[in-house]
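Asker: the sequence and its predicted three-dimensional model are supplied below.
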Amino acid sequence: MTKVKICGLTRECETEYMNRWHPDFCGFIFAGNSRRYVSRERAAVLKALLSPEIRTVGVFVNARPEAAAACAGEGIIDLIQLHGQEDEGYLKALRELTDCPVIQAFSVKEAEDIRRAEESSADYILLDHGAGGTGKCFNWKLLSGLKRPYFLAGGLTPANVERAVRLYRPYAVDISSGVETDGVKDPIKIETCIRRIKDV
Ligand SMILES: O=C(O)c1ccccc1NCC(=O)[C@H](O)[C@H](O)COP(=O)(O)O
């Protein structure tokens, strides 16, 4: 069954929604320029409120590998998501610091981007529209023929997530803007998305 990641938690009440609807993963955004940014301390508070079986993902954009590894070492996150221009050299440096699993995000504009993602040495790949948290879809037709399991991200909503899962059977779907109303996580949209994904 396709797994679910709900990204960009910032508030205590959102941990209650997560504990009620149980996505497989929840994301914390450590990129300072995001409106969903949380500090490491804040993420630790939110993590402590989550059911222990929900795995937490720290999203980093061109951060120092030491910062991502330290966050994992403190037990705040279970996986590291790289959402910037991190390359294979960065992955190698990170691996020397931590054995925390890594999700590498790729912005998909053309077939070549899918090919680059397929070659990544990261534990998981995530395919997204662009810089992250944009609420926009990329051209899903580019997914056909992709051999490797992947997180599908970018512009997923209660209206299109079922179709995405049915058509492409990704390893996981990753949703942020699509479960928000006026920039705040919306419990009804979270419930609807998770029900629709699990029903496929
Ligand atoms: O969500 C952000 O604000 C963000 C900022 C900078 C880098 C990454 C970011 N999000 C990463 C995610 O994993 C999002 O869930 C993913 O991009 C999908 O977002 P959306 O299109 O809003 O569903």
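Answerer: Thanks, I have the structure now. Small disclaimer: the values here were computed from a predicted structure and weren't measured. Numbering: from 1, shown residues only.
Asker: wait, H22 sits on I54?
Answerer: Yes - using C-beta atoms under 8 Å, H22 is in contact with I54, at 6.7 Å. Every residue, glycine included, has its C-beta placed from N, CA and C.
Asker: if you count surrounding residues, which of these two has more?
Answerer: I54 (18 against 13; other C-beta atoms under 10 Å).
Asker: contacting residues around P187?
Answerer: 17, 20 (C-beta atoms under 8 Å, 6 or more residues apart in numbering).
Asker: contacts for stretch 77-97, please.
Answerer: By C-beta under 8 Å, 6+ apart, stretch 77-97 touches 25, 27-28, 31, 43, 47, 55-63, 65-66, 68-69, 71-72, 98, 100-105, 120-124, 126, 128, 131-132.
Asker: which of the residues you listed come close to the ligand?
Answerer: 27, 31, 59, 61, 128, 131-132 (C-beta under 6 Å from any ligand atom).
Asker: which element is the most centrally placed residue in the chain on?
Answerer: With distances taken as C-alpha atoms, centre = their mean, D174 lies nearest the centre of the chain, 5.1 Å away. For D174, the host element (DSSP states H and E) is strand 172-175.
Asker: touching the helix or strand just after that strand from outside, list them.
Answerer: With elements assigned by DSSP H and E, the helix or strand that comes after strand 172-175 is strand 180-181. The contact list for strand 180-181 (C-beta under 8 Å, 6+ apart) reads 8, 186, 189.
Asker: ok, strand 180-181: who's next to it in the sheet?
Answerer: strand 184-185 (antiparallel) (DSSP bridges).
Asker: which helix or strand contains I103?
Answerer: I103 belongs to strand 102-107, assigned by DSSP H and E.
Asker: rewinding a little: filter the contacts of stretch 77-97 down to the ones in helices?
Answerer: 43, 47, 65-66, 68-69, 71-72 (DSSP state H).
Asker: what subset of the residues you listed is buried?
Answerer: 43, 47, 65, 68-69, 71-72 (16 or more other C-beta atoms under 10 Å).
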